[in-house]
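Please work out how this folds:
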Amino acid sequence: MDDPDPNRRTPEEIRKSRNVVLAVSLGAFVILVFFISIAKMG
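Here you go, the predicted model:
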């Protein structure tokens, strides 16, 4: 661990965390639309 600044994140880590946030929010949106469409049908 010869990283001089442990608080600074590499672009790869930032990209990975952003992809995770994007995937989770997209999944939540799809589930929300799914439940709304079921509620309208029922």
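
low-confidence ranges in this structure?
1-7 (pLDDT under 70).

Now the residue positioned nearest the centre of it: which helix or strand?
Residue closest to the average C-alpha location in the chain (C-alpha atoms, centre = their mean): residue 21, at 1.6 Å. Per DSSP states H and E, residue 21 falls inside helix 11-41.

try residue 8
Applying DSSP H and E, one finds residue 8 in no helix or strand.

Please report the distance of it from residue 20.
According to C-beta to C-beta, to the nearest Å, residue 8 and residue 20 sit 19 Å apart. Yep, even glycine has a C-beta here, placed from its N, CA and C like the rest.

just residue 9 next, same as before
13 Å.

ditto for residue 13
11 Å.

swap in residue 31?
17 Å.

ok, now residue 30?
16 Å.

what does residue 39 give?
29 Å.

Repeat that for residue 29.
In terms of C-beta to C-beta, residue 29 sits 15 Å off from residue 20.

How about residue 14?
11 Å.

Check residue 38 too.
In this view, residue 38 and residue 20 are 27 Å apart by C-beta to C-beta.

now do residue 26
11 Å.

next one: residue 41
For residue 41, the distance to residue 20 - C-beta to C-beta - is 32 Å.

Same check on residue 10?
For residue 10, the distance to residue 20 - C-beta to C-beta - is 15 Å.

How about residue 32?
19 Å.

now residue 33
According to C-beta to C-beta, residue 33 and residue 20 sit 21 Å apart.

Same question for residue 28.
Taking C-beta to C-beta, one finds residue 28 at 13 Å from residue 20.
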